[in-house]
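Undergrad: Turn this into a structure:
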Amino acid sequence: MTKLSVNINKIATIRNSRGGNNPDVVKAAIDAQLFGADGVTVHPRPDERHIRYADVRAIKPIITTEFNIEGNCSEQKFVDLVLEVLPDQVTLVPDAEGQLTSDHGWNTIRHKEYLAGMIRLFKGAGIRTSIFVDPVLEMVEGAMATGTDRIELYTEGYARLFPENRESAIAPYIIAAKKAHELGLGINAGHDLDLHNLKYFAQNIPWLDEVSIGHALICDALYLGFENTIQLYKRQLYV
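TA: Numbers count the residues shown, from 1 in each chain. Now for the predicted structure:
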């Protein structure tokens, strides 16, 4: 079954807005696992506006499932952190400095040599690698050429179109996922997946290994409770 990795960045955002340690990010990671999450995702950025580098170091020892660190490998500080912490998976995202949120995948053809070098570095340390990509055949094929273990399909386009035409929304993702599966790449997905669109996505991508969900899940938890929300998201993946 597709795994659910809970991104806890937004919990850190709430904490940082007031200072102190409430809510406790480490406890949130512990509880996410206790409540049924298959993994925990964090995405530290250079300005540490949500997850801090110290959080990543504090979270690693309490992980009993899988730990996924997302980020921009052009930042040496990020690379050093990943090699120090040794998560189960590193997801390479082409964020620009100061970017509000991830909004595009890698051009895996233009950046092939660079990505291949970074992937060798992380895989040499025993870390599974994933590259954030748009649902474009050429980008999937380019990802394969870098030596990555997996791709993560950037799903904002799917989520935006889903309310109007779900068949059109999912179509490029089915094509991209089929190609990735044929090439032997693992398939992750993330960005703007929620309780309304997740099940349909999972039903149509039978090779889906993992979804990483943060913003929508934490927003739902404000009304539904953290444990209940994680279970509701898990049920969307029973396809």
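Undergrad: Quick check: the gap between the most centrally placed residue in the chain and residue 138.
TA: Most central in the chain under Cα atoms, centre = their mean is residue 212, positioned 4.1 Å from the mean C-alpha point. As for residue 212, its distance to residue 138 is 24 Å (criterion: Cβ to Cβ, to the nearest Å). Heads up, the C-betas are built off the backbone N, CA and C, glycines and all.
Undergrad: What is the burial count for the residue nearest to the residue nearest to the centre of the chain when sequence neighbours are not counted?
TA: Leaving aside its sequence neighbours, residue 212 sits nearest to residue 190 (Cβ to Cβ, 6 or more residues apart in numbering; 3.9 Å). Using other Cβ atoms under 10 Å, residue 190 is surrounded by 25 other residues.
Undergrad: ok, what's across the strand from residue 190?
TA: residue 154, residue 212 (DSSP bridges).
Undergrad: Now for the residue lying closest to residue 95 once chain neighbours are set aside: which residues touch it?
TA: Nearest non-adjacent residue to residue 95, counting by Cβ to Cβ, 6+ apart: residue 72, 4.5 Å away. Listed by Cβ atoms under 8 Å, 6 or more residues apart in numbering, the contact set of residue 72 reads 45, 78, 92-95.
Undergrad: what's next to the helix or strand harbouring residue 16, contact-wise?
TA: For residue 16, the element it lies in under DSSP states H and E is helix 9-18. By Cβ under 8 Å, 6+ apart, the surrounding residues in contact with helix 9-18 are 21-25, 28, 42-43, 49-52, 55, 214-215, 218-219.
Undergrad: Which parts of this structure are strands?
TA: In the chain, the strands defined using DSSP state E lie at 3-7, 39-42, 67-71, 89-92, 128-133, 150-154, 186-190, 208-213.
Undergrad: tell me what the first one is packed against?
TA: Of the remaining helices and strands, those touching strand 3-7 by 3 or more Cβ pairs under 8 Å, 6 or more residues apart in numbering; DSSP states H and E are strand 39-42, strand 208-213, helix 215-224, helix 226-236.
Undergrad: Adjacent strands (with direction) for it?
TA: Applying DSSP bridges, strand 3-7 is found paired with strand 39-42 (parallel), strand 208-213 (parallel).
Undergrad: what is the orientation angle of the longest helix anywhere in the chain with strand 150-154?
TA: Ranked by residue count, the top helix of the chain under DSSP state H comes out as helix 166-183. Angle of helix 166-183 versus strand 150-154, following axes from the mean of the first three to the mean of the last three Cα atoms, to 10 degrees, is 170 degrees.
Undergrad: Show me which residues of helix 166-183 are buried.
TA: For helix 166-183, the neighbour count (16 or more other Cβ atoms under 10 Å) marks 169-170, 172-173, 176-181 as buried.
Undergrad: got the contact list for that helix?
TA: 133, 135-137, 139-141, 143-144, 151, 153, 155, 157-162, 186-187, 189, 197, 200-201, 204-205, 207-208.
Undergrad: what mean pLDDT does it have?
TA: Throughout helix 166-183, pLDDT has a mean value of 98.
Undergrad: ditto for stretch 50-60
TA: 97.
Undergrad: got a list of contacts for it?
TA: Contacts for stretch 50-60 (Cβ under 8 Å, 6+ apart): 8-10, 12-13, 16, 25-26, 29, 40, 42-45, 67, 69, 77, 81, 84-87.
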